[in-house]
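# Fold the following for me, if possible:
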Amino acid sequence: MAQWLEDLSTLEVLLLVLGIVVGGSIASALAGAVLVRLGMRRPWVVRRASRLAYRLIELVKRPLTIVVLDEVVAVIRTGHYTKNISDALLENHDELKQMVAEKVSADPNVRLVSKLPGYDTVVSEVSETVLRVIVDMLSDPRMDELVSDLLRNNLEQIRVAVRQREHEAHGDMEPPDPVPADAPRARAR
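Here you go, the predicted structure:
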């Protein structure tokens, strides 16, 4: 048994401890609920186990979060995210071009210009050019490096904030602002 524990990585040990704590917490809660339902007071052992499980979860929560963030940073270094965006743009090329044409046509500032001959051709060519330039930019390794740096720097900031407990000073987050009824909605796939 001891050899098996020594072979586990830090993350695996933390997950094992977390699993035992969560399992013990669930067992304590169920035993307490059954005893209360039977009319008995919650036993001291169950109360103590619940408090201990809560303290252990609080103790393991930050190191586990930091380990997960470290793993995410390592994974982000290997990805090519702009290539994925570029591929998605190419895959949805026709729909994007049609959407741009619809949005430009619906724009109130182009009422007069839309009456000019060849307007649809100009909008089509400009849309095509913009999509081509965006795809080319996203295919450039420099853009991939930029996005990778952005993600890595944000994750590093999150990691530092978790280690220094900066987020605890702000308390719970407020719910997001409600979305206005007339706001455009994301299309479901």
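
# what's the distance between whichever strand or helix holds residue 142 and the middle of its chain?
Taking DSSP states H and E as the definition, one finds residue 142 inside helix 141-164. Put simply, helix 141-164 sits 13 Å off its chain's centre (CA atoms, centre = their mean, to the nearest Å).

# Below-threshold pLDDT in this protein: ranges please.
For the chain, the stretches with pLDDT under 70 are 1-2, 5, 40-43, 167, 170-173, 179-189.

# And the helices in it?
Assigned by DSSP state H, the helices in the chain fall at 2-6, 10-37, 44-76, 81-91, 93-106, 119-139, 141-164.

# which stretch among those helices comes nearest residue 176?
Among the helices of the chain, the nearest to residue 176 by CB to CB is helix 141-164 (19.0 Å). C-betas here are computed from N, CA, C, even on glycine.

# what's the angle between the closest one and helix 119-139?
Computed by axes from the mean of the first three to the mean of the last three CA atoms, to 10 degrees, the angle separating helix 141-164 from helix 119-139 equals 60 degrees.

# So which bits of helix 141-164 are buried?
By neighbour count on 16 or more other CB atoms under 10 Å, the buried set for helix 141-164 is 143-144, 147-148, 151, 158-159, 162.

# With stretch 70-85 instead?
Counting neighbours by 16+ other CB under 10 Å, stretch 70-85 gives 76, 82, 85 as buried.

# rewinding a little: may I see the helices of the chain arranged in TSV, with distance to residue 175 as well?
TSV is the format used below for the helices of the chain (distance: least, CB to CB, whole Å):
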stretch	distance to residue 175
helix 2-6	43
helix 10-37	27
helix 44-76	23
helix 81-91	29
helix 93-106	30
helix 119-139	34
helix 141-164	21
